[in-house]
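Colleague: what would the 3D arrangement of this be:
(chains A and B)
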Amino acid sequence: MSKGKYYITTAIAYTSGKPHIGNTYEAVLADSIARFKRQEGYEVFFQTGTDEHGQKIEEKAKEAGITPKEFVDNVSAEIKKIWDMVNTSYDKFIRTTDSYHEKQIQKIFKKLYEQGDIYKSVYEGMYCTPCESFWTESQLVDGKCPDCGREVHPAKEEAYFLKLSKYADRLIEHINTHPEFIQPVSRKNEMMNNFLLPGLQDLCVSRTSFKWGIPVDFDDKHVVYVWLDALSNYITGVGYDCDGNSSDLYKKMWPADLHLIGKDIVRFHTIYWPIILMALGEPLPKQVFGHPWLLMNGGKMSKSSGNVIYADDLVELFGVDAVRYFVLHEMPFDNDGIITWDLIVERINSDLANVLGNLVNRTISMTNKYLGGIVCNTNVNEPVDEELKKVVTECRDKVKAKMDKLRVADAITEIFTLFKRCNKYVDETEPWILGKDEAKKDRLSTVLYNLTESIVTGACLLEPFMPDTTEKILAQLNTNKRAFDELDRFGMYPNGNKVAEKTAILFARLDAKETEEKINALMERQKAKTEKKQDNNITIDDFCKVEMKVGEIIDCEKVPESNKLLKNTVRIGDETRTILSGIAKWYSPEEMKGKKVVVVTNLAPRKMLKGKYVSEGMIAAAEDSQGNVKLLTVDGDMESGALIS
RNA sequence: GGCGAAGUAGCUUAGUUGGCUAGAGCGUUCGGUUCAUACCCGAAAGGUCAGCGGUUCGAAUCCGCUCUUCGCUACCA
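Modeller: Just a heads-up that it's a prediction; the model follows:
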């Protein structure tokens, strides 16, 4: 009966805030794959959840004046609610604050320590507090944090490290011999060229700078590094135990068949996670798919640019299945998908309302109008019927072929090809003409039977993607869901069955203008909300710490080693400074010369490009929501060196 | 700067190992139809397959160069 097991996971969502539609997309995508596999007859285990530790959450909770646990309880519940709202059929919703998970992480940490894969070391002067990061000697840029350039202090702190280098060769070997492991391939190249081939540094896997994490039980000054904690959810959630007492579920399900994640965290899943598993002596997941992102109007979603879209808003506007439909349909396989409001309205109107909704509606109407709602196969067949039947009976395998390659968007398109063929069939057979002639009533009955049967097949195939719609259609046609194995047959609809007397509109057509107005109202509301939230006021004393002066750019040239940087020579009063600025994309050196700009003059000098250059300050610039950058200049004449306050 | 991916009709895109007039959806125009959510069906227009050169009997597909976009990375104090 069962075709075997299928274990699929999403990344667990970080509980620092409400997830936007991009995060929700991942859940829906995973859900459609999980549902399809179930339909096919696999024993599916679908796990998702929330990642709840880390300094960011500790800080957010403090801001909100509640404990970290209270904070993550709220956010996790909200995320779960959204996942439920979009009909995510997860089997397990794990939280990294679940006690079994926390205990197991402690055991894993200890085991790796005892076997020597995690070792204790001491840092002297190489911790960057703001970045929450340790750096090895070679990573430092002239003794400063390579991430943010700030001072790293000589904290003589102990820390634990995972020996990545020990397993690097095995991992490279695995990736080379398993081309399907990292998908799409472009991600694989990135990992190889940027990390694996240059050589891996051992990874620091503990922190002492904050408390909100899983304590290292034999050394409770330390908490476990967030990623070690988070990644392990994939095994702890199904009952892994590193002492050898793993659950039956774990034994059955691991290794995972698919980790579905965003392309931004491919590195953690294809380097750190496999190495952790190797150290534990467990098999590696079969595939990691770094899916692309949904971009709103071509730009990345961010709260500051006010183009964030939340799933609940979309669901309110369009309905669950419409939302599921277009995120799945619009998302290509390896490039980012672009969502615009126009595109959403277009998809809903032309595909869902016109093609599918109208087809179901017209079929049921005619059945009621001409045949009293009775669907009966009178077997008055004509050659035209064969072509319809062929499309319908072949659809299942076409969908399966696409799904096997994770081409979800293409799979949906196959189903809509079926519905389109049905509409064509209506035109070919002209039931309204048959209906006028009593002698042709049997032919009419067969035609409507064929249509009903075809719609049932299509509706069943649609279930993984739009489960509510499937249910609605089947209810209107007064029948039940069919088994996957029967979906390549024709003629299963019970003879003499009666369809619903009144048809309900499945998808209402949207008026473009009306929708636009609703959307604008929504965006306004959201903007107001975020503006309200941003009241991180500072005092005048804080502001006075920043010293800004007017500077005149007397010379400017490109930095040959970089495609972003310009090297400016700036005169500020009597002194002359060199300032590197990342604006080569927007300004040419010629344009820069002679400009009077705002310079932050009391920033610590920063060595850049491996110490080849030193930047002595910052030139102020503004960036808009589209990413355009303009320098701040002085209105009218003003001597260089003038203090800004 | 290093590495990688990609540039196909107005828009979103399919094109497996090179092979008949380069497909599809949406949009547009025209025609048909009326059962239905002013829907559906048909037809047409629209492509120097980024550009140049090469390999080949034959290239969107392979090779080289150029241009553009994107990703990762280094880097935007």
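
Colleague: per-residue pLDDT, the residue in the stretch 501-645 of chain A that RNA strand B sits nearest to?
Modeller: Closest approach of the stretch 501-645 of chain A to RNA strand B (C-beta to the nearest atom of the strand) occurs at residue A:582, with a separation of 1.9 Å. Backbone N, C-alpha and C define where each C-beta goes, glycine included. Looking at residue A:582, its pLDDT is 80.

Colleague: so it makes contact with residue A:568?
Modeller: No: in this structure, residue A:582 is not within contact of residue A:568 by C-beta atoms under 8 Å, at 11.4 Å.

Colleague: picking up where we left off before, please report phi then psi for the residue of the stretch 501-645 of chain A closest to RNA strand B.
Modeller: Main-chain dihedrals, residue A:582, degrees, to the nearest 10: phi -90, psi 60.

Colleague: does the closest residue to it other than its chain neighbours belong to a helix, a strand or coil?
Modeller: Distances taken as C-beta to C-beta, 6 or more residues apart in numbering place residue A:564 nearest to residue A:582, at 4.6 Å, with adjacent residues excluded. Secondary structure assignment for residue A:564 (DSSP: H, G, I helix; E, B strand; the rest coil): coil.

Colleague: isn't residue A:564 right next to residue A:584, touching?
Modeller: Yes: counting by C-beta under 8 Å, residue A:584 is a contact partner of residue A:564 at 5.3 Å.

Colleague: the two: which is more packed in?
Modeller: Neighbour count, other C-beta atoms under 10 Å: between residue A:564 and residue A:584, residue A:584 has more, with 17 against 11.

Colleague: quick one, phi psi at residue A:618?
Modeller: Backbone torsions of residue A:618, given as degrees, to the nearest 10, read phi -140, psi 140.

Colleague: let me know whether it touches residue A:603 as I believe.
Modeller: Yes: here residue A:618 reaches residue A:603: they are 5.6 Å apart, a contact under C-beta under 8 Å.

Colleague: what pLDDT does the closest residue to RNA strand B within the stretch 51-200 of chain A get?
Modeller: The stretch 51-200 of chain A approaches RNA strand B most closely through residue A:193 (3.1 Å), counting by C-beta to the nearest atom of the strand. pLDDT recorded at residue A:193 is 71.

Colleague: neighbours of it, how many?
Modeller: 10.

Colleague: with residue A:370 instead?
Modeller: 19.

Colleague: tell me who's in contact with it.
Modeller: Counting by C-beta atoms under 8 Å, 6 or more residues apart in numbering, residue A:370 touches A:431, A:434, A:435, A:441, A:444, A:448.

Colleague: ignoring the adjacent residues along the chain, who's closest to residue A:322?
Modeller: residue A:348 is the one closest to residue A:322 (C-beta to C-beta, 6+ apart), at 5.2 Å.

Colleague: out of the contacts of residue A:370, who's nearest residue A:199?
Modeller: Of all the contacts of residue A:370, residue A:199 sits closest to residue A:448, with 68.8 Å by C-beta to C-beta.

Colleague: distance check, that closest one against residue A:432.
Modeller: Per C-beta to C-beta, to the nearest Å, residue A:448 is found 11 Å from residue A:432.

Colleague: also residue A:541?
Modeller: Distance, residue A:541 to residue A:432, using C-beta to C-beta: 81 Å.

Colleague: before we move on, what about residue A:440?
Modeller: Taken as C-beta to C-beta, the span from residue A:440 to residue A:432 is 11 Å.

Colleague: ok, now residue A:407?
Modeller: Distance, residue A:407 to residue A:432, using C-beta to C-beta: 38 Å.

Colleague: more crowded one of the two?
Modeller: Taking other C-beta under 10 Å, residue A:407 and residue A:432 do not tie; residue A:407 has more neighbours (16 against 13).

Colleague: any idea how many residues pack against the residue of the stretch 301-450 of chain A found nearest RNA strand B?
Modeller: Closest residue of the stretch 301-450 of chain A to RNA strand B, C-beta to the nearest atom of the strand: residue A:357 (1.7 Å). A count of nearby residues for residue A:357, using other C-beta under 10 Å, gives 23.

Colleague: next up, the contacts around it.
Modeller: Counting by C-beta under 8 Å, 6+ apart, residue A:357 touches A:505, A:506, A:507.

Colleague: tell me which stretches of the stretch 501-645 of chain A form strands.
Modeller: A:548-558, A:566-572, A:575-581, A:596-600, A:606-608, A:613-615, A:618-619, A:621-623, A:629-631, A:643-644 (DSSP state E, counting those that start in this stretch).

Colleague: then the stretch 1-150 of chain A?
Modeller: Listed in chain order, the strands of the stretch 1-150 of chain A (DSSP E, counting those that start in this stretch) span A:5-10, A:13-14, A:43-51, A:92-95, A:118-123, A:127-128, A:133-134.
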